[in-house]
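In: following is a predicted model, sequence given first.
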There are 2 protein chains.
Amino acid sequence: MTSQQMPNWLKQRTYLTPGRVAMKSDDRDYTFKELWEMTVETAGKINTYIKDSRASFIGLMIGNTVEAVTIIHAVQQLGLKAVLLNHRLSPGELAFQIRDVNLGTVIVDDAFYEKLQDQNVQKVKISDLDCTSLTHFEIKDHFQLDGVCSVMYTSGTTGAPKGVLQTYGNHWWSAIGSSLNLGISENDTWLCSVPLFHISGYSILMRSVIYGMGVRLFEKFDAGRITKELKDGSITIMSAVSNMLQRLVKDLDDGSYHENFRCMLLGGGPAPLPLLEVCRDKHIPVFQTYGMTETSSQIVTLSPEYSLSKLGSAGKPLFPSQLKIMKDDNEAGAGEEGEIFVKGPNVTEGYYKREEANHKSFHDGWLSTGDIGYVDEEGFLFVLDRRSDLIISGGENVYPAEIESVLTSHPGIEDVGVAGIPSEQWGQVPCAFIVKGRGDTLSEDDVLSFCKSRLASYKQPERCVFVDEIPRNASNKILRRVLRDHWEKGVYRGES
Amino acid sequence: MTSQQMPNWLKQRTYLTPGRVAMKSDDRDYTFKELWEMTVETAGKINTYIKDSRASFIGLMIGNTVEAVTIIHAVQQLGLKAVLLNHRLSPGELAFQIRDVNLGTVIVDDAFYEKLQDQNVQKVKISDLDCTSLTHFEIKDHFQLDGVCSVMYTSGTTGAPKGVLQTYGNHWWSAIGSSLNLGISENDTWLCSVPLFHISGYSILMRSVIYGMGVRLFEKFDAGRITKELKDGSITIMSAVSNMLQRLVKDLDDGSYHENFRCMLLGGGPAPLPLLEVCRDKHIPVFQTYGMTETSSQIVTLSPEYSLSKLGSAGKPLFPSQLKIMKDDNEAGAGEEGEIFVKGPNVTEGYYKREEANHKSFHDGWLSTGDIGYVDEEGFLFVLDRRSDLIISGGENVYPAEIESVLTSHPGIEDVGVAGIPSEQWGQVPCAFIVKGRGDTLSEDDVLSFCKSRLASYKQPERCVFVDEIPRNASNKILRRVLRDHWEKGVYRGES
């Protein structure tokens, strides 16, 4: 069996179904044949900028554009590993990732060029590619499933971001696992308004090529226009996070989507039950799912037949994958809370150059997610907390430890803990709980403006609360759940 | 990546969707949970007969029954390699296979018990299992994709049958490759009236478990009842060979199938063009396909959008697979005839204990099929001859060399060549072209009755023609295409 080798995906797909629609932008449709031709041309242009023949990583700072899709495929054709850079990062955060993976070149959407200006790296604007000549490269017949395809950074609670290595095999098995649960139809069109630099968006492109399926690409989330398309029958599947779904539901009013629309794949953290109930009442076919950058998108998804009877559950593992709950080094029983472990061919082999983290997170093929949940009598997963401390704000992962480490550097702050608090608009936003230094006159505004210059906007605390003490456990780790708990019960409101 | 290991298929499927229908017999439906429970019980019973803990192969001589499905799964649960024995084989042919793979035990449908009576092997009738006690075995959490799952015998033109080793991975990738072409819907039900001991039937069971799809099992091909079910909307996909389809078309008259019926997967050799044209006119969604035991079913299939414009083509490779035509050690150009080569993770790694055949047929992952065909300008495969000499009679493979070797043993026969001639009922039937010994008074009846006791009925020549000379090439190989050619042109009719 040659299962580690596979025909070059986009080339094979173009050979098999050249005339099928691969992508629909606001302006026009692109067939797989057109996407292939654009990809090969773009790859030739990008190749002109790759002076070091030993280059293996290339940075991409892209939006949700047709050019970005083409560039993602072009980089695969060149055999380069794409490092997907979030354009919302601060200069310091960007510098860290560029250094960590030793990037020589970043292809950047003109809209984000300023973000990169001071970085020590060759910058290629997408508009530069227009007038770039082509450098010949050999089109590969095969992809190696064990070869690294993409790198996406994720911050652990321990601080420094880690580059998740996603192989072609990880993406392949993710797509296959999803298809065995959601099904595949030649009439499918998947709406993508989630970012292509996140695994949620990137994985849609991989499914497109593997299934021969069209992607309706939105540059930005636009509730009104998306609602219109979900109603007109041209869309069958859409990926969303709670925040988007909330806005769509508001927009839908008393109407309903077209019967062709068969799956609203809802990820990005546990969904609020009231939202799921509204969707049920409006007959929106929500499929809750649980996944992360490390699992190359979904790994646990609710099957269609259980979407109502198991409302609130993230479901069961995809066919090739597994799930277990561990408590005090033993597998937990039904209903018992513990840490979620997952295993499967879509799970990353590890983080780039992070031996310690890899040693800690991976055992015998199992990834310890750090998330808390339980499995019911029938084996359905309920996720209680997406990582115990992680804040999901508008679909973006925000890590308290990062914000804390910035605030700790302020001379007027003695101790600090950051936790997510509910937000109508973003699901959650970070809140900083601060113990002032003795006699200090620090104000909330001081703290927030201190963060502004040091953190990406979506990571900046929305609130700052002054408290007497940060709750910690025996080993001195911050109990962020207690912070959230106290906030919700109003314990701190008198103190600030 | 742990892609060589996967959750135990039926166990995982039962965990994921216990309540879905796995199988429909004439009498009732069985859910995956019921199939699992029956399988575990049957495995415990079969285990009672396995005295030698080193046993690895087990023979199955089965019909298309619910018990057979359960036994196939039970044998997988026990980690035994199933050797699928064709109940239409002659005693000598059976003895060869039993010896070749060193079978200790055969589980046999009571209806076929007589066939096995004189074989030197432990025989377990399916009815024996009813009153067998259970012997404990450990239920595996995982299947190993590189482990051998099943063995099916196929005869090369060179004579002795060869055991094709099919791994779990071969079956997995076959199912996945098919799904990426035909799609998967939770409403699918696949009608199986092709034999479970052939790859055509066995592969339907594997898809059932991997997709979570129901199988409508027919014990025998029954055109009237099948037509009724294709009309009533309960069936979405069916596997067929030309002979079956011909009878179904006749039965359909002026009617049409239900719109739920979306795929008539037509394999088992090149289909006659007039049949395909009738199907087109009757809006029967025929998907031509090309595959063999060595490719664990389909490897090339016509995509839905080309079913009309490329009528007569077997299509393009499944997504994970590849195809090429070789002529004089070079890849043939578009339209040029040559030998069909295929490659992919569904292709067997080789024949059991057949080093020479393996050396001859496999190069760098490519299987030389021995079949002749060409690929058109757009890459669509047209199969001209299923193996140059192979006779496909009622969906069964009949190998001229086998029949010739029997006839050669007749004292009155000087030379003999066997080739397929057209048959309304069976597609093809074997015809023996015979050069009599000097002065011999041999008659057609003598020859045919000589074969009766020595060959399975479907392998017995339907006609016998006496000729002056058998056409041979320079290296003395029989030119069977010339025999067929001459037969069709009436060259031999004066001679007999």
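Out: All right, it came through fine.

In: what about the residue of the stretch 351-496 of chain A found nearest chain B, neighbour count?
Out: Nearest residue of the stretch 351-496 of chain A to chain B: residue A:365, at 4.9 Å (C-beta to the nearest C-beta). The C-beta positions use only the backbone N, C-alpha and C, and glycine is treated the same way. Residue neighbour count, defined by other C-beta atoms under 10 Å in any protein chain shown, stands at 16 for residue A:365.

In: and it, what pLDDT?
Out: pLDDT, residue A:365: 90.

In: what comes up buried for stretch A:55-65?
Out: A:55, A:57, A:58, A:59, A:60, A:61, A:62, A:63, A:64, A:65 (16 or more other C-beta atoms under 10 Å in any protein chain shown).

In: same question but for stretch A:308-319, I mixed them up
Out: Neighbour-count burial for stretch A:308-319 flags A:310, A:311, A:313, A:314, A:315, A:316, A:317, A:318, A:319 (criterion: 16+ other C-beta under 10 Å).

In: now, these that are in strands?
Out: Among the buried residues of stretch A:308-319, DSSP state E puts A:316, A:317 in strands.

In: check the buried residues of stretch A:308-319 and tell me the two furthest apart.
Out: For the buried residues of stretch A:308-319, the maximum inter-member distance is 22.6 Å, found between A:311 and A:319 (C-beta to C-beta).

In: leaving out chain neighbours, which residue sits closest to residue A:421?
Out: residue A:431 (4.4 Å; C-beta to C-beta, 6 or more residues apart in numbering or on different chains).

In: on the three-state scheme, residue A:406 is what?
Out: Of the three states, residue A:406 takes helix according to DSSP: H, G, I helix; E, B strand; the rest coil.

In: what secondary structure does the nearest residue to it once chain neighbours are set aside sit in?
Out: Using C-beta to C-beta, 6+ apart and skipping the chain neighbours, the partner closest in space to residue A:406 is residue A:454 (4.9 Å). At residue A:454 the chain is in coil, as set by three-state DSSP.

In: give me every residue that touches residue A:454.
Out: By C-beta atoms under 8 Å, 6 or more residues apart in numbering or on different chains, residue A:454 lies in contact with A:90, A:92, A:406.

In: any chance of those residues in JSON lines, plus pLDDT and distance to residue A:172?
Out: Formatted as JSON lines, these follow (pLDDT from 0 to 100; distance: C-beta to C-beta, whole Å):
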{"residue": "A:90", "pLDDT": "83", "distance to residue A:172": "34"}
{"residue": "A:92", "pLDDT": "87", "distance to residue A:172": "35"}
{"residue": "A:406", "pLDDT": "84", "distance to residue A:172": "39"}
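
In: tell me the one of the residues you listed nearest residue A:180?
Out: Nearest member of those to residue A:180, counting by C-beta to C-beta, is residue A:90, at 40.3 Å.

In: that closest one - nearest residue in space that isn't next to it in sequence?
Out: Once flanking residues are discounted, residue A:90 sits nearest to residue A:456: 5.0 Å by C-beta to C-beta, 6+ apart.

In: count the neighbours of the one you found for me.
Out: 20.

In: and the residue of the stretch 201-350 of chain A closest to chain B?
Out: Closest point on the stretch 201-350 of chain A to chain B, by C-beta to the nearest C-beta, is residue A:345, at 4.5 Å.

In: and that residue, backbone torsions?
Out: When read as degrees, to the nearest 10, the backbone of residue A:345 gives phi -70, psi -10.

In: which stretches of the stretch 1-150 of chain A form helices?
Out: Counting by DSSP state H, counting those that start in this stretch, one finds helices in the stretch 1-150 of chain A at the ranges A:9-16, A:32-49, A:66-77, A:91-100, A:113-116, A:126-130.

In: what's near enough to touch the residue nearest to residue A:90?
Out: Going by C-beta under 8 Å, 6+ apart, residue A:456 touches A:86, A:88, A:89, A:90, A:93.

In: output those in TSV, with distance to residue A:211 and neighbour count appended to each entry.
Out: Putting the contacts of residue A:456 into TSV (distance: C-beta to C-beta, whole Å; neighbours: other C-beta atoms under 10 Å in any protein chain shown) gives the following:
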residue	distance to residue A:211	neighbour count
A:86	27	21
A:88	30	15
A:89	32	20
A:90	37	18
A:93	35	20
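
In: of all those residues, which two lie farthest apart?
Out: A:86 and A:90 (10.3 Å).

In: closest to chain B among the contacts of residue A:456?
Out: residue A:86 (25.6 Å).

In: what is the neighbour count of the nearest residue in space to that closest one that is not next to it in sequence?
Out: Spatial nearest neighbour of residue A:86, excluding adjacent residues (C-beta to C-beta, 6+ apart): residue A:197 at 5.9 Å. By other C-beta under 10 Å, 24 other residues sit near residue A:197.

In: which residues does residue A:197 contact?
Out: Listed by C-beta under 8 Å, 6+ apart, the contact partners of residue A:197 are A:60, A:61, A:62, A:84, A:85, A:86, A:87, A:152.

In: can you do 10 Å?
Out: A:60-64, A:68, A:72, A:82-88, A:150, A:152 (C-beta atoms under 10 Å, 6 or more residues apart in numbering or on different chains).

In: for residue A:470, same thing?
Out: A:404, A:414-417, A:433-435, A:478-480, A:482-483.

In: residue A:190 and residue A:215 touch, don't they?
Out: Yes - with contacts counted by C-beta atoms under 10 Å, residue A:190 reaches residue A:215, the gap being 5.4 Å.

In: now do the shared contacts for the two.
Out: Common neighbours of residue A:190 and residue A:215, using C-beta under 10 Å, 6+ apart, are A:204, A:205, A:207, A:208, A:237.

In: any chance of those in CSV, with distance to chain B, pLDDT and secondary structure too?
Out: Formatted as CSV, the shared contacts of residue A:190 and residue A:215 follow (distance: C-beta to the nearest C-beta, whole Å; pLDDT from 0 to 100; DSSP: H, G, I helix; E, B strand; the rest coil):
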residue, distance to chain B, pLDDT, secondary structure
A:204, 16, 98, helix
A:205, 16, 98, helix
A:207, 11, 98, helix
A:208, 12, 98, helix
A:237, 13, 98, strand
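
In: just the buried members of the residues you listed?
Out: Of the shared contacts of residue A:190 and residue A:215, these count as buried by 16+ other C-beta under 10 Å: A:204, A:205, A:207, A:208, A:237.
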